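> Kindly generate the corresponding structure for this input.
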Amino acid sequence: MTQSIITPIMPQYSDASKILEEARRAHERYLIKQLDSDLEKAIESYIDVIKINPSLSESYYRLASLLLLKGQISVEGALEQCKTAISLEPNNPNAHIYTGYFQCLCGNMEEAEKEFALAISGSGKNSARPRLFLSKVLLNRIQGKSSSVKDVMKFLYYFLSGSMMIMWDCPSLKMFYKFLANDFSVFSYRTLGETFEKMKLFPSALDAYSKGLEKTAQGNLFYQKMGDLSLECNDINSSLECYKRAYNLNPNDREVLIKLATINQTYFPEDTDTTIDYYNSLLEFGVDLDKIYYELGHLYLKKSDKIHAVSAFKLAEEMNPENPYYNNSLAYAYVKAELYDDAIEYYQRAIKINPDAEWTSIVCHALGAIYAEVKENYEAAEATFNAGMVLDPNNIDIQLSLGDLFMSQNDLDKAIKTYCDAIAVDPLNYLTYAKTGLALWEKDYLEEAIVAFHKSIELNPDFEIAQNNLGVVYLDGIGDPKLSLDYFKTAIELNPNYTLAYFNLARAYQAIGNKSEAAQYYQMTIDLNKVTEELSEKDIKDRLHKLFE
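Below is the predicted model:
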């Protein structure tokens, strides 16, 4: 009796078959749900199959399609994988279908036609897919040049036969059914949730989206809907958590990443590093790069990271050099980095583009300040301030800076006129009256200075500088130290670290002969001045010592 010999299945090959089935399921789920986690699982499983059993041709062409989708290999690389699959299993119709598809991507239509024909001959009644693919190739040929009747008839034959035979193509029908069933469930729960949202039944809408999440496993979609709903209800923390879960399921969803970056930047401004990470991830998509670099620049400025801020704004400006806001922000970053010549260049560019008179006036103000305070080029500063005032006559800040410029040059008449012009534009601006009062005081117009300081205090009683300066006018101008005391005291109450107010209060007490109070406040001035360094310590000590000479 002859004993049959049964060749045992190698354990590792059996494992490969199981992993291949897992890869197919993950691949199928990805095609239906488009979840990045399924894509990664399929790729990982196909690679494991090849490691365990390199003779399974299916792993090569399916892996090639997924790696090409992720951009990890070129079309030529995918074709090489298909050649390996065909060498292992020359009659595998799917290997020829994938090869034909990749040949189409390369523009090799004749080679693609051959591959689809081979797939048809090896598929029998399940040849619907290669027939339809071949009809597409033939249609491109017909559209690309003058076609013969034979070409048209050939196209019609493969198109019609493929359309009819789809009913016998079990893999295609199976996938179609799954697509249809999943899409119907997604559509149902999504529509139900959106209907509840329109009716303002937010808890019911949230419940519908939660059930959709549970029944369809379309996490990316339903977490987004839940995040949108939470945001509409001003539940920021829940919204952020939902978007994070959606992003974890599909890191390739750019819209979710934009929402994460925007919410984190708006509602969690202290968490700058996380927002920067989100924007850096957005850079990988290669879309709207200039806008992303612009946002990154502001975030780096917030961290006082001047080098990265300049780099980010520079990249944004290089991508869109005619954008005035990019030029302005780059100039500001250069100011922070104390690169003033570069700042001047880009402020000038922003002004030249001039998208809006009011906005450009603000840029003129910034540029004028550099000319005045850094370069000490007073002519350029005055011209720039004037240009800004022409653009926006209602820009009080630039008028005050022009007045300050005249004050620094001791041109009191021009300073007073400029401050008064600012008062005419905005008669309720307390700072304008305070600056006018100071210029009038310097000009020895004492009564007018008192009126101006009183008006400033009337508009803003908490403005300690006006309180102090009015006290100085009464003390040194009018010669009424008793009347000045209350103003100095009020200035100190408003700002306990106001060194100059302590000094002036000490002088007022000295003037009325109250040496003990004067000494006390001179000593307090010395103590504060060690921190603020506003005054000459020698001058304060000399006054303190003279009290008791």
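> hey, let's count contacts and neighbours off CA atoms from now on
OK.
> I'd say Ser210 and Gln224 touch.
No. With contact defined as C-alpha atoms under 8 Å, Ser210 and Gln224 do not form a contacting pair (11.1 Å).
> How many neighbouring residues does the nearest residue to Ala309 once chain neighbours are set aside have?
Across the structure, with C-alpha to C-alpha, 6 or more residues apart in numbering as the measure, the residue nearest Ala309 apart from its sequence neighbours is Gly297 (4.3 Å). Around Gly297 sit 29 other residues, with neighbours defined as other C-alpha atoms under 10 Å.
> do Leu257 as well
21.
> cool, and Gln81?
That count, for Gln81 with other C-alpha under 10 Å as the rule, works out to 21.
> Tell me which residues touch the residue lying closest to it once chain neighbours are set aside, please.
With C-alpha to C-alpha, 6+ apart as the criterion, Gln81 has its nearest non-adjacent residue at 5.4 Å, and that residue is Tyr60. The contact partners of Tyr60, taken as C-alpha atoms under 8 Å, 6 or more residues apart in numbering, are Tyr46, Ile50, Gln81, Cys82, Thr84, Ala85.
> Of those, which belong to helices?
Tyr46, Ile50, Gln81, Cys82, Thr84, Ala85 (DSSP state H).
> ok, of these, which come out buried?
Among the ones in helices among the contacts of Tyr60, those classed as buried by neighbour count (16 or more other C-alpha atoms under 10 Å) are Tyr46, Ile50, Gln81, Cys82, Thr84, Ala85.
> returning to that earlier point: just give me the closest of the contacts of Tyr60 to Glu442.
Distance to Glu442, by C-alpha to C-alpha, is smallest for Tyr46 among the contacts of Tyr60, at 85.2 Å.
> so that closest one touches Lys18, yeah?
No. Between Tyr46 and Lys18 no contact is recorded; they are 11.0 Å apart, counting by C-alpha under 8 Å.
> so which helix or strand takes in Asp277?
For Asp277, the element it lies in under DSSP states H and E is helix 272-283.
> That helix - contacts with which helices or strands?
Using 3 or more C-alpha pairs under 8 Å, 6 or more residues apart in numbering; DSSP states H and E as the contact criterion, the elements in contact with helix 272-283 are helix 254-267, helix 289-302.
> between it and helix 254-267, how many degrees?
Using axes from the mean of the first three to the mean of the last three C-alpha atoms, to 10 degrees, the inter-axis angle of helix 272-283 relative to helix 254-267 is 160 degrees.
> picking up where we left off before, between the helices and strands packed on helix 272-283, which one is closest to Ile526.
helix 289-302 (35.4 Å).
> Between helix 254-267 and the closest one, find me the angle.
Relative orientation of helix 289-302 versus helix 254-267 (the same axes, to 10 degrees): 30 degrees.
> Now helix 289-302: average pLDDT?
Across helix 289-302, the average pLDDT comes to 96.
> With stretch 111-120 instead?
Per-residue pLDDT values across stretch 111-120 average out to 80.
> One more: stretch 79-97?
On average, stretch 79-97 scores 83.
> just stretch 199-207 next, same as before
The predicted model assigns stretch 199-207 a mean pLDDT of 86.
> Could you number the chain from 13 rather than 1 from now on?
Fine by me, first position is 13 from now on; the one you just mentioned is stretch 211-219.
> quick one: buried residues of it?
Going by neighbour count (16+ other C-alpha under 10 Å), the buried part of stretch 211-219 is Phe214, Ser216, Ala217, Leu218, Asp219.
> didn't the third one look like it was pressed against Thr203?
No. Ala217 is beyond contact range of Thr203, at 9.6 Å (criterion: C-alpha under 8 Å).
> Tell me how many other residues crowd Gly525.
12.
> Show me which of the buried ones among the ones in helices among the contacts of Tyr72 is closest to Leu497.
Nearest to Leu497 among these is Tyr58, at 87.0 Å by C-alpha to C-alpha.
> Ala393 and Val386 touch, don't they?
No. Applying C-alpha under 8 Å as the test, Ala393 and Val386 come out as separate, 10.4 Å apart.
> out of these two, which sits in the more crowded spot?
Neighbours per residue, other C-alpha under 10 Å: of Ala393 and Val386, the larger number sits with Ala393, 25 against 11.
> Contacts for the one helix or strand the more buried one maps to next, please.
Counting by DSSP H and E, the secondary-structure element that holds Ala393 is helix 390-403. Helix 390-403 is touched from outside by 369-370, 372-377, 379-384, 407, 410-411, 413-414, 417, with contacts defined as C-alpha under 8 Å, 6+ apart.
> what's around Val485, how many residues?
Burial of Val485 is recorded as 23 neighbouring residues (other C-alpha under 10 Å).
> So, low pLDDT: which residues of the stretch 363-512 of the chain?
Applying pLDDT under 70 to the predicted model, the stretch 363-512 of the chain contains no residue that meets it.
> related to what we said a few turns ago, could the contacts of Tyr72 go into JSON lines alongside distance to Ile304?
Conversion of these to JSON lines gives the following (distance: C-alpha to C-alpha, whole Å):
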{"residue": "Tyr58", "distance to Ile304": "36"}
{"residue": "Ile62", "distance to Ile304": "41"}
{"residue": "Gln93", "distance to Ile304": "37"}
{"residue": "Cys94", "distance to Ile304": "39"}
{"residue": "Thr96", "distance to Ile304": "43"}
{"residue": "Ala97", "distance to Ile304": "43"}
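> still on that earlier bit, which one's more surrounded, Ser222 and Gln236?
Neighbours were tallied for Ser222 and for Gln236 using other C-alpha under 10 Å; the higher tally belongs to Gln236 (23 against 18).
> So the more buried one sits against Cys254, correct?
Yes. Counting by C-alpha under 8 Å, Cys254 is a contact partner of Gln236 at 6.6 Å.
> tell me the phi and psi of the residue nearest to Gln93?
Backbone dihedrals for Tyr72, given as degrees, to the nearest 10, come out at phi -70, psi -50.
> Just the buried positions in stretch 78-92, please.
For stretch 78-92, the neighbour count (16+ other C-alpha under 10 Å) marks Leu78, Leu79, Leu80, Val87, Ala90, Leu91, Glu92 as buried.
> Distance from the chain centre to it, please.
Stretch 78-92 has its average C-alpha position 32 Å from the chain's average C-alpha position, going by C-alpha atoms, centre = their mean, to the nearest Å.
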